[in-house]
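In: Compute the structure for the input listed below.
(chains A and B)
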Amino acid sequence: MDAVLQGILLMADPMNIGLIFVAVLIGVIVGALPGLSSPMAVALLLPFTISMEPVPAISMMAALYCAGTFGGSICAILINAPGAPPAVATAFDGYPMAKRGEAGRALGIAAISSISGGIFSLIIFLVATPLLAKIATSFRPMEYFALAVFALSMLASISGKSPVRNLIAGAVGVLLGTVGIHLTTGVERFTFDLPVMTGGIGFVPVLIGLFALAELLNQSEAADKAYERIKAVVVKLPTREDFRRIWGTILRSSGIGTFIGVLPAEGATVAAIMGYNEAKRWSKHKEEFGTGCPEGIAGPEAANNAATGGAMVPTLALGIPGSATTAVILAALIMHGFRPGPYLMKQTPEFVYAIFAAMLLANFMFLVIGLAGAKVFSRITLIPRSFLWPAVFVFALVGSYSYGASLMDVWVMLIAGFIGFVMLRHSFAPAPLVMGLILGKLVEESFSQSMILLDNQWWRLLESPIVDFFFVLTVLSLCWPLISTRFGRGG
Amino acid sequence: MINRTDLVVSVVLLAVCGALYYVTSTFDEVSPLFAQDVPPERFPRMLLWIIAGLSLVLPFEQRLRGKRGAVLDKARSEPVHPVVYLTGGFLVLAVAAIQLIGTFLVLVSVCLGLPLLWNERRWKIIVPFVLLFPALVMLLFGHVLGVYFEPGILGIKLP
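Out: Numbers count the residues shown, from 1 in each chain, chains lettered A, B, ... in the order given. So this is what the prediction gives:
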């Protein structure tokens, strides 16, 4: 309990609160702008926070993550252009409701559902993180290896178009993580005799390139495209009748979203789609879905925001990212000298609880900002893309350069961006590559340590029941896309 | 049966895997002191085998996924627009010019060049954007965060 209070006190510094407010504001704006995403914004924020103290730095990122997920709903509802992928399902019913002149009501339902989902998941975060960390302290390298392999296998079913491509991208990410000096033997690998490569490939330039530059190139094809002008709206809080209809959906979707968020690699997009589907399945008004049904907005919004708190659980307790954005946060933790995983909870619990407090605060802030600033945010899409994307590139260039004050990092960012663009065209999602890159070291280290402990007899890995458990889960998650396809066809 | 574009992607991936596999054979010898450790080439090789194995599935993936496979062609259904190549080339030139003209002038060039390249002609927005935005970013990173930026051979930087 002391650690919780210490965490809250750490967070209560006026400067920290101010920074969280700024992050929430940026998050809502980024979320509202189609094309800009939370992982991209957090990646661009990373170099800016490197010189900060760890608590405000990570808190800003976590707050931006929460607010960005909510912000996506604004344009999904108002112009049928989801600002971020997790808001795709919100548009199904949000836009039809807005079209019939109830945009304020739709935004109100989205805001209340988002904060409900967010707070629900943070309660789970508060309870589950120490418990999971406690269990994980008994993990040996082999159990960690099995856990990391399971996390990578989850990439197969991450929100993307192709499980095979996701797995390839994940494996390429892990391979990129092997560049540089091999820690146990000191041998240089894939450095091609370039001294700048001996330290390995930096996370920051790759993250910025893949998330920001690849999207810039993608968007350059339609840089002169303008969205329709939106009428200013006043957000209306849900009525008693609305509450009566949506409370069950909010509760159910919050549970679904938190569970999906806790699963390694699965993020808010999967949660939102599942939240929408379940809202429809359980609704007494199925025929209204797609025409502006309140449950159709509450379901995905509660689920996608619940996934944010859920995704922080494995990130902080196990060092396994719960989503693409938490993968970037994980990279930031490593850069700030933390070792994400059970020992983070054991050694600096107040730090973990400070992040919890920041996310809680961010939820209330985006509710207030979202309700009060809807008129302003509804005009954000009027920012011409021909200025927005050059601004993104300026931040990308300066951010990747300032990471190590090296031009090499800018080139890495540029190359990662071009590769990311080619990947997007061929339906390879960038998120698995990022997760692979960040998990790569953990996978190799735990594999090497396991092999040493087991005298290179790999089959002895199966002697551990925890390893067996994770391997069974791995097989299931790899087979899941096939099974779901079968079910899909059958249905 | 076989998607030709995916076949090309698959061949490229296999070629890269082959080349990198060769590179793993050129890693330095490990000192006998570390003989009990996992050799440095083992893990990358495992990954290369996995990538190569998965790459072999790629050309058949659309077929295997039935109707759902059509989505894989959506993003590449149209050829890359020339403006993408122009944008990419412009960005490469911009980064290459940092050492020559300095970071500040490169940022100014980007803020001017990209909108013009994308058919933006509203000078009332372009001019303040070009004058203010790079300066603000440089002030933020250079002065507030203390990042040192390349002044280039012309030595132009913000005071």
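
In: Quick one: find the helix or strand in chain A with the lowest mean pLDDT.
Out: Every helix and strand in chain A was compared by mean pLDDT, DSSP states H and E; the lowest is helix A:374-377, with a mean of 74.

In: elements contacting that one?
Out: Judged by 3 or more CB pairs under 8 Å, 6 or more residues apart in numbering or on different chains; DSSP states H and E, helix A:374-377 is in contact with helix A:14-32, helix A:54-79. No exception for glycine: its C-beta is placed from N, CA and C like everyone else's.

In: State the mean pLDDT of the last one.
Out: Here helix A:54-79 scores 89 as its mean pLDDT.

In: starting at the chain centroid, how far to that helix?
Out: Put simply, helix A:54-79 sits 10 Å off its chain's centre (CA atoms, centre = their mean, to the nearest Å).

In: when you scan it, is anything in it near chain B?
Out: No. Using CB under 8 Å from any CB of the partner chain, helix A:54-79 stays clear of chain B, coming no nearer than 12.1 Å.

In: Would you mind writing the CA trace of the helix or strand following that helix as CSV?
Out: On the C-terminal side of helix A:54-79, the nearest following helix or strand under DSSP states H and E is helix A:88-97. Presented in CSV, the C-alpha positions along helix A:88-97 are these (Å, rounded to 0.1, in the frame of the first residue of the first chain):
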residue,chain,number,x,y,z
VAL,A,88,-12.5,1.4,-36.9
ALA,A,89,-15.4,-0.4,-35.3
THR,A,90,-16.6,2.8,-33.6
ALA,A,91,-17.3,4.2,-37.1
PHE,A,92,-19.8,1.4,-37.9
ASP,A,93,-22.5,3.0,-35.6
GLY,A,94,-20.9,6.3,-34.6
TYR,A,95,-21.0,7.8,-38.1
PRO,A,96,-24.6,6.8,-38.9
MET,A,97,-25.7,8.3,-35.5
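
In: residues in contact with helix A:88-97?
Out: Outside of helix A:88-97, the residues within contact range by CB atoms under 8 Å, 6 or more residues apart in numbering or on different chains are A:72-73, A:76-82, A:103, A:105-106, A:110, A:269, A:272-273, A:275-276, A:289-297, A:299-301, A:304.

In: let's see it at 7 Å
Out: A:73, A:76-77, A:80, A:82, A:105-106, A:110, A:269, A:272-273, A:276, A:289-293, A:296-297, A:300-301 (CB atoms under 7 Å, 6 or more residues apart in numbering or on different chains).

In: residue contacts, A:Leu155?
Out: A:166-167, A:170, A:265, A:432, A:435.

In: If any of the residues you listed are buried, give me the ChimeraX selection for them.
Out: With 16 or more other CB atoms under 10 Å in any protein chain shown as the criterion, this ChimeraX line picks the buried residues out of these:
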select /A:166,167,170,265,432,435
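
In: which ones among the contacts of A:Leu155 come in contact with chain B?
Out: Applying CB under 7 Å from any CB of the partner chain to those, one finds that A:Leu167 fall near chain B.

In: need the contact list for residue 16.
Out: Looking at chain A here, since you left the chain open. Neighbour list for A:Asn16: A:55-56, A:59 [criterion: CB under 7 Å, 6+ apart].

In: I was thinking of chain B, sorry if that wasn't clear
Out: By CB under 7 Å, 6+ apart, B:Val16 has no neighbours at all.

In: which SS state does it fall under?
Out: Using DSSP: H, G, I helix; E, B strand; the rest coil, the structure places B:Val16 in helix.

In: for stretch A:92-112, which positions count as buried?
Out: Residues of stretch A:92-112 classed as buried by neighbour count (16+ other CB under 10 Å): A:92-98, A:102-112.

In: ugh, wrong one, stretch A:244-252
Out: Neighbour counts using 16+ other CB under 10 Å place A:245-246, A:249-250, A:252 of stretch A:244-252 among the buried residues.

In: Next: stretch A:332-344.
Out: A:332-333, A:335-336, A:338, A:340-342, A:344.

In: which residues touch that stretch?
Out: For stretch A:332-344, using CB under 7 Å, 6+ apart, the contacting residues are A:46, A:49-50, A:54, A:57-58, A:61, A:133, A:136-137, A:315-319, A:330, A:352.

In: PyMOL command for the buried members of these?
Out: Selection of buried members from the contacts of stretch A:332-344 for PyMOL, criterion 16+ other CB under 10 Å:
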select buried, chain A and resi 46+49+50+54+57+58+61+133+136+315+316+317+318+319+330+352
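
In: So which of the contacts of stretch A:332-344 sit within helices?
Out: Cross-referencing those against helices under DSSP state H gives A:46, A:49, A:54, A:57-58, A:61, A:133, A:136, A:315-317, A:330, A:352.

In: mean confidence score for stretch B:151-159?
Out: Per-residue pLDDT over stretch B:151-159 has a mean of 69.

In: most centrally placed residue in the chain?
Out: Here I'm looking at chain A. Most central residue of chain A, judged by C-alpha distance to the mean C-alpha position with CA atoms, centre = their mean, is A:Thr325 at 3.0 Å.

In: which SS class is that residue?
Out: Under three-state DSSP, A:Thr325 comes out as helix.

In: B:Phe149 now?
Out: Note that with three-state DSSP, the state of B:Phe149 is coil.

In: How far off centre is stretch B:12-24?
Out: 19 Å.

In: From the contacts of helix A:88-97, which land in strands?
Out: Among the contacts of helix A:88-97, no member falls in strands (DSSP state E).

In: Would you show me how to pick out the buried ones of those in ChimeraX?
Out: Entered in ChimeraX, the line below selects the buried ones among the contacts of helix A:88-97, by 16+ other CB under 10 Å:
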select /A:73,76,77,80,82,105,106,110,269,272,273,276,289,292,293,296,297,300,301
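
In: so what's residue 30 scoring on pLDDT?
Out: In the absence of a named chain, this looks at chain A. Looking at A:Val30, the pLDDT reads 84.

In: hm, I was asking about chain B
Out: pLDDT at B:Val30 comes out at 81.

In: What segments of the stretch 151-300 of chain A are strands?
Out: Using DSSP state E, counting those that start in this stretch, the strands of the stretch 151-300 of chain A run over A:180-181, A:188-189.

In: how is chain B carved up into domains?
Out: Per the record, chain B has its domains at B:4-76, B:82-144, by automatic domain parsing.

In: what about whatever helix or strand B:Leu131 lives in and chain A, touching?
Out: Element membership for B:Leu131, per DSSP H and E: helix B:123-138. Yes. Applying CB under 7 Å from any CB, one finds helix B:123-138 touching chain A at B:125, B:129, B:133-134, B:137.

In: most surrounded residue in those residues?
Out: Counting neighbours by other CB atoms under 10 Å in any protein chain shown, B:Pro134 leads the residues of helix B:123-138 next to chain A with 25 neighbours.

In: Do you know the pLDDT at that one?
Out: pLDDT, B:Pro134: 93.

In: For it, give me its contacts.
Out: When contacts are counted by CB under 7 Å, 6+ apart, B:Pro134 touches A:394, B:104, B:107-108, B:111.

In: rerun at 8 Å
Out: Residues in contact with B:Pro134 (CB under 8 Å, 6+ apart) are A:394, B:104, B:107-108, B:110-111.

In: Look up how far A:Phe395 lies from it.
Out: 11 Å (CB to CB, to the nearest Å).

In: near chain B, which residues of the stretch 1-150 of chain A show up?
Out: Residues of the stretch 1-150 of chain A found near chain B (CB under 8 Å from any CB) are A:48, A:51.

In: Where does the stretch 1-150 of chain A get nearest to chain B, which residue?
Out: Evaluated by CB to the nearest CB, the stretch 1-150 of chain A has A:Ser51 as its residue closest to chain B, separated by 5.4 Å.

In: burial measure for A:Val472, as a count.
Out: Count around A:Val472 with other CB under 10 Å applied: 12.

In: same check, this time on B:Leu56
Out: For B:Leu56, the neighbour count with other CB under 10 Å is 12.
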